[in-house]
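> Fold the following.
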Amino acid sequence: MTNWPDNDVILYDGVCIFCSRWVRFVMARDTARRFRFTPIQSDYGTRLAKAFGIDPDDPHTNAVIHDGVAHLKSDAALTVLSLLPGWRWTRSLFVVPKPLRDAVYSLIARNRYKIFGKYETCFIPDADMRARVVE
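Here you go, the predicted structure:
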């Protein structure tokens, strides 16, 4: 885990259909509007990715910065879910050994374009989401 000055920022692959749906899923449930989002393809997203050791040209993880700490792979997904209303129960999934959680995460991440597809360019967020995007 790496420290970062911004808080509750989700880094995601903006051309990945699955990743973009993840962002929409979080937005729909984030009633407190806690999270902000940045595609890895943006200048800010690329800087974040490089700071966390993620290849911006071939990302195999999303990330979330929470309380100044960058969480990657399954830790990122579970951290985000556990902070959403009604999803606190997902904290119990942290008892599953991290190597096992990350193996499942990595399997999906490696095959996400084959399974879910890919946009030609970053998806265009609606006005509500645009207000929460950091570029």
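
> ok, V133 to S92 distance?
Using Cβ to Cβ, to the nearest Å, V133 is found at 31 Å from S92. Where C-beta positions appear, they are placed from N, C-alpha and C, glycine not excepted.

> Which of the two has more residues huddled nearby?
Neighbours were counted for V133 and for S92 using other Cβ atoms under 10 Å; V133 has more, 17 against 10.

> For the more buried one, name its beta-bridge partners.
Applying DSSP bridges to V133 gives these bridge partners: F37.

> for it, what are its contacts?
R36, F37, T38, P39, P125 (Cβ atoms under 8 Å, 6 or more residues apart in numbering).

> ok, 10 Å please
G14, V23, R36, F37, T38, P39, S42, Y44, G45, C122, P125 (Cβ atoms under 10 Å, 6 or more residues apart in numbering).

> Ok, P99 next?
S74.

> in the helix or strand where it lies, what counts as buried?
Counting by DSSP states H and E, the element that carries P99 is helix 98-116. Neighbour-count burial for helix 98-116, counted by 16 or more other Cβ atoms under 10 Å, picks out R101, D102, Y105, A109, R112.

> Among these, which one sits closest to I54?
Nearest to I54 among these is A109, at 11.0 Å by Cβ to Cβ.

> Run a quick neighbour tally on the closest residue to the closest one other than its chain neighbours.
Nearest residue to A109, sequence neighbours excluded (Cβ to Cβ, 6 or more residues apart in numbering): H60, at 4.6 Å. By the other Cβ under 10 Å criterion, the neighbourhood of H60 contains 15 residues.

> for I10, phi and psi?
Main-chain torsions, I10, degrees, to the nearest 10: phi -100, psi 120.

> same question, the one 3 residues further on
For D13, the backbone dihedrals (degrees, to the nearest 10) come out as phi -80, psi 110.
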